[in-house]
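S.K.: Predicted coordinates and the sequence they were generated for:
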Amino acid sequence: MKTVSNSIITMTELVLPQHTNQLGNLLGGQLMHWIDICAALSSSKHAGRICVTASVDNIDFHHPIKLGDVVTIVSSVNRVFNSSMEAGVSVCAENFTKSNKRHANSAYLTFVGLNSDGTPVKSEPIQPESDDEKRRYEEALQRRQVRLENRKD
């Protein structure tokens, strides 16, 4: 059985002028794009196949990310269900000249692994090891139940 730690992907991006709005803040859509890529990679790493985005639960914007900041995006699979899996993403921003690192965003996304025909396939379960991984594993089931309930509406 694969572990959560085997699914970890870390991306680092530099916020450049083409990534910002008129206030010099990172565009939310740009960050969402980076988050989606990182989460897709961690899901694909776990599944050993192409995984596509099925849903985005939420993306919480805690602090603005500024022009020149270095953004570190870390994703891992929290739990595997049938053909779907939840990836959790944490985003930190750091200004090297000011030596300030801060947690800027969190997100949960659901991915589905596909075979070569584009059909969803079952993925191998994941084994949480640390207390934090076990907590995220349990919370992923609660979020899934909410997603399924919302689908009925």
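M.R.: Thanks, I have it. Residues are numbered from 1 along each chain as shown.

S.K.: For the protein, just list every one of the strands.
M.R.: Under the criterion DSSP state E, the chain contains strands at 2-3, 9-14, 51-61, 70-80, 84-95, 100-113, 126-127.

S.K.: so which of the ones you listed gets nearest residue 45?
M.R.: Within these, the stretch nearest residue 45 is strand 9-14; the backing value is 6.3 Å (C-beta to C-beta). (Each C-beta comes from the backbone N, C-alpha and C, glycine too.)

S.K.: Now do the buried residues in that closest one.
M.R.: 9, 11, 13 (16 or more other C-beta atoms under 10 Å).

S.K.: so which of the strands of the chain comes closest to residue 152?
M.R.: Proximity to residue 152, assessed across these by C-beta to C-beta, is greatest for strand 51-61 (14.5 Å).

S.K.: Taking strand 100-113 as reference, get the angle to that closest one.
M.R.: Here strand 51-61 runs at an angle of 150 degrees relative to strand 100-113 (axes from the mean of the first three to the mean of the last three C-alpha atoms, to 10 degrees).

S.K.: Check which helices and strands strand 51-61 is in contact with.
M.R.: Judged by 3 or more C-beta pairs under 8 Å, 6 or more residues apart in numbering; DSSP states H and E, the packing partners of strand 51-61 are helix 28-47, strand 100-113, helix 131-152.

S.K.: right, so of these, which gets closest to residue 22?
M.R.: Proximity to residue 22 (C-beta to C-beta) singles out helix 28-47 among the helices and strands packed on strand 51-61, at 13.6 Å.

S.K.: what's in contact with the closest one?
M.R.: By C-beta atoms under 8 Å, 6 or more residues apart in numbering, the residues outside helix 28-47 that reach it are 2, 6-11, 13, 19, 50-53, 56, 59, 61, 65, 71, 73-77, 80, 85, 87, 89, 91, 105, 107, 109, 111, 113, 123-124, 126.

S.K.: Return the alpha-carbon coordinates of it using PDB.
M.R.: The C-alpha coordinates for helix 28-47 follow below in PDB (Å, rounded to 0.1, in the frame of the first residue of the first chain):
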ATOM      1  CA  GLY A  28      -6.300  34.500  -7.800                       C
ATOM      2  CA  GLY A  29      -6.700  32.700 -11.100                       C
ATOM      3  CA  GLN A  30      -3.000  32.300 -11.500                       C
ATOM      4  CA  LEU A  31      -2.700  30.800  -8.000                       C
ATOM      5  CA  MET A  32      -5.600  28.500  -8.700                       C
ATOM      6  CA  HIS A  33      -3.800  27.300 -11.900                       C
ATOM      7  CA  TRP A  34      -0.600  26.500  -9.900                       C
ATOM      8  CA  ILE A  35      -2.700  24.800  -7.200                       C
ATOM      9  CA  ASP A  36      -4.500  22.700  -9.800                       C
ATOM     10  CA  ILE A  37      -1.200  21.600 -11.400                       C
ATOM     11  CA  CYS A  38       0.400  20.700  -8.100                       C
ATOM     12  CA  ALA A  39      -2.600  18.700  -6.900                       C
ATOM     13  CA  ALA A  40      -2.900  16.900 -10.300                       C
ATOM     14  CA  LEU A  41       0.700  15.900 -10.100                       C
ATOM     15  CA  SER A  42       0.400  14.500  -6.500                       C
ATOM     16  CA  SER A  43      -2.700  12.600  -7.500                       C
ATOM     17  CA  SER A  44      -1.100  11.200 -10.700                       C
ATOM     18  CA  LYS A  45       2.000  10.300  -8.700                       C
ATOM     19  CA  HIS A  46      -0.100   8.300  -6.300                       C
ATOM     20  CA  ALA A  47      -2.300   6.700  -9.000                       C
END
